[in-house]
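Novice: Provided below are the primary sequence and the corresponding predicted coordinates.
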Amino acid sequence: MSAAFILLASLRGGEADAARAAIHALGKPFADVEGTHLARIQVLEDRRLLVAADYDGDLKAWLLRAAGVLAPVLAHCAFWPGTDNPAEVLDWACDRMLRAGFSVVGSPDATVEQVIAALALRDRLARFAAETEGLGEQALFEAWRAL
Amino acid sequence: MRARPLTVLSPIPWWWAPWICFTWWVARLTSRVAAPLRQLSFIHFAHWALMPGRRRLLFLTSFDGSDIQYIEAFVRVVPGRIDALYKFATGFPGPGRFGPVNQYIADHNHDPDHFWMAYPHASTSMVSDALALAQLYAAGAARLNGARDAEAFAREWRRFLTEAQELL
């Protein structure tokens, strides 16, 4: 089951543009954070950093992975402790998390891995069905065994 | 990337925040609030939260299609629920007319600097269909893979296709 993560942290004065540059320099940081369905990161109103994601599993484990890859951006936030001490990272983040009061999730019970596996299976079966349409029983059977 | 993000910040008077919290509490007690939104079949994720100080309402969402389609569907399908949340949000025009709501969203939206999705080419419908298909396949895989001859397999495959055709 996925959960929402919303973090709102004050940026250090005058570092909004540097934070934006750091975000763009990261490429696709959440690709390296296992269990992330979807995520956004943005400088909000030139003074705050918003990080929001939907993730699977344990918050602390996910948060420490995310903090690791986002460290160059988080370094522009006020009172960011650095990543050396996980307990300090968790304390810092928990102090700045917003609670989602209400959520609507398309497929709330599926993990990222389940979604990706299901999409791959759907592609495989759809391709098999299209490619074997009109085949005789023996050829169909052999095509399945070769799949 | 099929999904699009919105990050909408709505100013609210201080006395409106307790009402919003109450509506969320009620909404969490029943699936009747989320159900019509989920049935729209284009919301990947939508979250509402109060900003620190409780003077602004944050709406984070990601959806398939265009902003206009999304907002139009919200206004058409759940106007009462929008009103319950945004009725006293500063400058909110009310859910009655699509155009002013669209303008309100445009005025209060903040584009992300980075937006990422683990399955970027999949729509909400594709995800839900794929998950349903995976369940159906799990139930029928033993029969398909255990078919002893071509005739038995063809029979099982036709049965599976009949059940799964809307999901493929």
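Specialist: Here it is on my side, so go on. Residues are numbered from 1 along each chain as shown, chains lettered A, B, ... in the order given.
Novice: Any figure for the gap between the residue of chain B most remote from its centre and B:Arg155?
Specialist: The centre of chain B is farthest from one residue, B:Asp149, which by CA atoms, centre = their mean lies 44.4 Å away. Here B:Asp149 is placed at a distance of 10 Å from B:Arg155 (CB to CB, to the nearest Å). No exception for glycine: its C-beta is placed from N, CA and C like everyone else's.
Novice: for the residue most central in space within chain A, phi and psi?
Specialist: With distances taken as CA atoms, centre = their mean, A:Thr36 lies nearest the centre of chain A, 2.7 Å away. Main-chain torsions, A:Thr36, degrees, to the nearest 10: phi -100, psi 120.
Novice: That one bridge partners, please.
Specialist: Counting by DSSP bridges, A:Thr36 is bridged to A:Tyr55.
Novice: who's in contact with the residue farthest from the centre of chain B?
Specialist: Residues near B:Asp149 by CB atoms under 8 Å, 6 or more residues apart in numbering or on different chains: A:Phe141.
Novice: in stretch A:33-47, what's buried?
Specialist: A:33-44 (16 or more other CB atoms under 10 Å in any protein chain shown).
Novice: Report the mean confidence score over stretch B:100-110.
Specialist: The average pLDDT within stretch B:100-110 is 93.
Novice: Tell me the confidence at B:Ile82?
Specialist: For B:Ile82, the pLDDT comes out at 89.
Novice: Okay, domains of chain A per the record?
Specialist: Listed domain ranges for chain A are A:2-96, A:112-145 (source: automatic domain parsing).
Novice: Next, format those domains as TSV and append mean pLDDT.
Specialist: As requested, those are arranged in TSV below (pLDDT from 0 to 100):
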stretch	mean pLDDT
domain A:2-96	97
domain A:112-145	95
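Novice: Excluding covalently adjacent residues, which one is nearest to residue 89?
Specialist: Using chain A. Counting by CB to CB, 6 or more residues apart in numbering or on different chains, A:Ala67 is the residue found nearest to A:Val89 once chain neighbours are left out, at 4.9 Å.
Novice: should've been chain B
Specialist: B:Ser10 (4.3 Å).
Novice: is it fair to say the residue nearest to A:Val89 lies in a strand?
Specialist: No. Read with DSSP: H, G, I helix; E, B strand; the rest coil, A:Ala67 is helix and lies in no strand.
Novice: who touches the residue nearest to the centre of chain A in this structure?
Specialist: A:30, A:53-55, A:62, A:66, A:112, B:116, B:118.
Novice: Likewise for A:Glu137?
Specialist: A:Glu137 makes contacts with B:150-151, B:153-154, as judged by CB under 8 Å, 6+ apart.
Novice: Of the residues you listed - the most surrounded one?
Specialist: Comparing the contacts of A:Glu137 on neighbour count, B:Phe153 comes out first with 23 neighbours (neighbours: other CB atoms under 10 Å in any protein chain shown).
Novice: Am I right that that one sits in a strand?
Specialist: No. Assessed with three-state DSSP, B:Phe153 is helix; it does not lie in a strand.
Novice: is it true that it touches B:Ala147?
Specialist: Yes. Between B:Phe153 and B:Ala147 there is a contact under CB atoms under 8 Å: 3.6 Å.
Novice: Without its sequence neighbours, what residue ends up closest to B:Trp116?
Specialist: Of all residues not flanking B:Trp116 in the chain, A:Phe30 sits nearest, at 4.4 Å (CB to CB, 6+ apart).
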